[in-house]
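only the shape, not the letters, is given here:
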C-alpha cells in the first residue's frame, strides 16, 4: 500500500512546515505549497527527500488567482498519482482598519483565507472522497472573536470556519 499523500498549503515555513514535517515523519508523502517562499520550500523538500527518497515535492501558486488555485489542485493530485489529505493552512494576515481597507486588501485576505480553500476543496472533493481522505481547514480564535483593526481577516476566517462546519 502506497504512503498517503498530503497537500499542505503555505507549508514552506512556520506552522505549515511543521505540519509537513510531522506528516512526513508519520509516513506521508507531502506536497509543499508556497507562494513567495520558494527557497524555503525547496530546502524543506530536499531535507525530507534525504530522509525518504521521492517523498516530497513543492509546488508554487498564488492563492489569490483562482486559475492558479485550480491548477495547483491538479498538479498536487498528479504529483503522486492521488491525494489523501488537503490541509488548507496558507493565510495572509495584516491589519485592515475599516476606513483604510482597499479592494486589494479584500482580494488578498478573502482569496487566500477563504476562496482558495473553497476552490481546492471543491476541485479535490471527488479524489478525497474516493481515497476516503479528509480536508482540514486551519482557523484561529479570530474566526469567532474579533481582532481590532483586522475585520477582513476575521471575516475570512469566520467564513472558513463556517465552510468547515
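Yes, it's here. Remember, predicted model here, so these are calculated numbers, not experimental data.

show me where pLDDT drops low in this structure?
Low-confidence segments of the chain (pLDDT under 70): 1.

where do the helices sit along it?
With helices called from DSSP state H, the chain shows them at 14-25, 38-51, 66-79, 103-110, 116-130, 151-164.

buried residues, the fourth one. List them.
Pointing back at helix 103-110 there. The neighbour-count check on helix 103-110 (16 or more other Cβ atoms under 10 Å) flags 105, 108-110 as buried. Any C-beta I mention is one placed from the backbone N, CA and C, and that applies to glycine too.

that older thread, out of the helices of the chain, which comes closest to residue 93?
helix 151-164 (5.6 Å; Cβ to Cβ).

what is that closest one packed up against?
helix 103-110, helix 116-130, strand 134-137 (3 or more Cβ pairs under 8 Å, 6 or more residues apart in numbering; DSSP states H and E).

ranking these by burial, who's on top?
helix 116-130 (a mean of 18; mean count of other Cβ atoms under 10 Å).

centre of the protein to the edge, which residue is at the far end?
Seen from the C-alpha centroid of the chain, the residue lying at the greatest distance (Cα atoms, centre = their mean) is residue 99, 29.5 Å away.

just to check, residue 131 is in contact with residue 84?
Yes - with contacts counted by Cβ atoms under 8 Å, residue 131 reaches residue 84, the gap being 4.8 Å.

residue 134 pairs with what?
Bridge pairing for residue 134 (DSSP bridges) gives the partners residue 85.

who touches it in this structure?
84-86, 128 (Cβ atoms under 8 Å, 6 or more residues apart in numbering).

just residue 70 next, same as before
Counting by Cβ under 8 Å, 6+ apart, residue 70 touches 119, 123.

one more pass at 6 Å, please.
By Cβ atoms under 6 Å, 6 or more residues apart in numbering, the contact set of residue 70 is residue 123.
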